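>>> Turn this into a structure:
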Amino acid sequence: MADIGARARWAARALALASAAQKAEALHAAARAIRQRAEDILAANRQDVEAGRAAGLSAALIDRLVLTPARVAAIAEAVDEVAALPDPVGRVTERWTRPNGLVMERVTTPLGVIGVIYESRPNVTADAGALCLKAGNAVILRGGSDSFNSSRAIHAAMAEGLAAAGLPEDGIQLVPTRSRAAVGEMLAGLGGHLDVIVPRGGKSLVARVQAEARVPVFAHLEGIVHVYVDASADLGKALDIVRNAKMRRTSVCGSAETLLVERQAAESHLRPLVAMLLDAGCEVRGEADIAALDPRIVPAVEADWTTEYLDAIISAKLVDGLDAAIHHIETHGSHHTDAIITENPEAARRFMAEVDSAIVVHNASTQFADGGEFGFGGEIGIATGRMHARGPVGAEQLTSFKYRVHGTGQTRP
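Alright, predicted model coming up:
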């Protein structure tokens, strides 16, 4: 691990100076390699899926783990999209002249060496590698044990892309062991070679990283995602949005986990929404007033309001208006993504202003909580903290800045 860190630091210096064209060439070559190696990637993934099923992984984790030809094609396409993004490095974001003639500039720079610790999702190997490279950073990837073979196969394609562009292959490294001790070494900073850590996984992983890391962390917490439907909501719109927010893909972090409905809309909105979810195969959990609507509803317990199901399960609750909805979200949410469905502009304005989540949504599905949908070409994760990066962490969020001061011989009196 110490050697991996040292090699990453050396590679980071080279990547920081790489041209936009060279980085784009590497990424396009990596995308081609992913397509060419698709059968090898799928074969490696089948090993992981078989082992995961034998180990009793949940359906949600298996869904995150499984690769299909379409998903591999989407991974390659995402790498090409990152390649086509504007280069986030070297942009002058501010420029001004002082009375003494000094010209000040603030210019974007790479962060350096980024450590990404993730679980289950093999596509993160390509997404994180591509985004870090685009921003001129070296990256050390520690994928989950469940996706070990898949990640190795994808990483081989990323390394091929770097080599094709004449960039150091150590710019994207994959920790070659399943040992948890490797995570501990990364959290300790690899002898000063690691500049920031991005955890992407379950609550226990993120909690460990936040508790033990000796370097800055871009925290990606669980998605306790809410959809609030008020009495003014268009029912057809609400049905479509809630169905998509919950059922499009239940294992993603932007999947809705709690449905809040204004009490005065219990008959007009809650009843058809619950019926739609049940008929779609979603388990609905609710308190007594919800459970009375349908015998298929499961009684809710307190833990349901803070559970990320990542499955076809949703908790439902009647609330006494906007203030109560915001209070529930701020009390039980994870500051990830929360949505309001309303035709009341003032209610929408207040919700968007007062809900302190990384992403707030009006009249659209929470499953748009994705870097690709934001036009970032992908993401490492959804940062729910408040420092540096928040929301989808794309290439632009993986940069810092420095000041350049241009003089003509000025000295300070």
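>>> Relative to Gly201, how far out is Ala303?
Using C-beta to C-beta, to the nearest Å, Ala303 is found at 20 Å from Gly201. To be clear about C-beta, it is placed using only N, CA and C from the backbone, and glycine gets the same treatment.
>>> For the two, work out which one has more neighbours and name it.
Neighbour tally, Ala303 and Gly201, criterion other C-beta atoms under 10 Å: the higher count belongs to Gly201, 20 against 8.
>>> Pull the contacting residues for the closest residue to the more buried one other than its chain neighbours.
Excluding its sequence neighbours, the residue lying closest to Gly201 (C-beta to C-beta, 6 or more residues apart in numbering) is Glu119, at 3.5 Å. With contacts defined as C-beta atoms under 8 Å, 6 or more residues apart in numbering, Glu119 is in contact with 143-144, 146-147, 200-202, 205.
>>> Break the protein down into its structural domains.
Following automatic domain parsing, the chain resolves into domains at 2-220+380-406, 225-368.
>>> Please convert these to a markdown table, extending it with mean pLDDT and distance to Pro413.
Below are these laid out as a markdown table (pLDDT from 0 to 100; distance: least, C-beta to C-beta, whole Å):
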| stretch | mean pLDDT | distance to Pro413 |
| --- | --- | --- |
| domain 2-220+380-406 | 94 | 9 |
| domain 225-368 | 96 | 46 |
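>>> Same list, these, but as CSV with distance to Arg412 please.
As requested, those are arranged in CSV below (distance: least, C-beta to C-beta, whole Å):
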stretch, distance to Arg412
domain 2-220+380-406, 9
domain 225-368, 42
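>>> quick one, which of those domains is nearest to Phe374?
With C-beta to C-beta as the measure, domain 2-220+380-406 is the member of these nearest Phe374 (5.1 Å).
>>> Report the distance from the closest one to the chain centre.
Chain-centre distance of domain 2-220+380-406: 12 Å, with C-alpha atoms, centre = their mean, to the nearest Å.
>>> In terms of helices and strands, where is Ala76?
Secondary structure from DSSP states H and E places Ala76 in helix 69-84.
>>> just the CA coordinates of that helix, formatted as PDB?
This file holds the C-alpha atoms of helix 69-84, laid out as PDB (Å, rounded to 0.1, in the frame of the first residue of the first chain):
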ATOM      1  CA  PRO A  69     -24.100  -6.000 -22.100                       C
ATOM      2  CA  ALA A  70     -26.200  -2.800 -22.000                       C
ATOM      3  CA  ARG A  71     -24.600  -1.800 -18.700                       C
ATOM      4  CA  VAL A  72     -21.100  -2.400 -19.900                       C
ATOM      5  CA  ALA A  73     -21.900  -0.300 -23.000                       C
ATOM      6  CA  ALA A  74     -23.300   2.400 -20.700                       C
ATOM      7  CA  ILE A  75     -20.000   2.400 -18.700                       C
ATOM      8  CA  ALA A  76     -18.000   2.900 -21.900                       C
ATOM      9  CA  GLU A  77     -20.400   5.700 -23.000                       C
ATOM     10  CA  ALA A  78     -20.000   7.400 -19.700                       C
ATOM     11  CA  VAL A  79     -16.200   7.400 -20.100                       C
ATOM     12  CA  ASP A  80     -16.600   8.900 -23.500                       C
ATOM     13  CA  GLU A  81     -18.900  11.600 -22.100                       C
ATOM     14  CA  VAL A  82     -16.300  12.500 -19.500                       C
ATOM     15  CA  ALA A  83     -13.700  12.800 -22.200                       C
ATOM     16  CA  ALA A  84     -15.900  15.300 -24.100                       C
END
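>>> and whichever helix or strand comes after that helix, which strands flank it?
Toward the C-terminal end, the helix or strand that comes next after helix 69-84 (DSSP H and E) is strand 92-97. Paired neighbours of strand 92-97 in the sheet (DSSP bridges): strand 103-110 (antiparallel).
>>> What would the partner strand look like as CSV? C-alpha coordinates only.
The C-alpha atoms that make up strand 103-110 are tabulated as CSV, following Å, rounded to 0.1, in the frame of the first residue of the first chain:
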residue,chain,number,x,y,z
VAL,A,103,-2.7,41.3,-11.3
MET,A,104,-4.4,38.5,-9.2
GLU,A,105,-5.8,35.4,-10.7
ARG,A,106,-7.6,32.4,-9.2
VAL,A,107,-7.0,29.3,-11.3
THR,A,108,-8.3,25.7,-10.9
THR,A,109,-5.8,23.0,-10.1
PRO,A,110,-6.1,19.2,-9.4
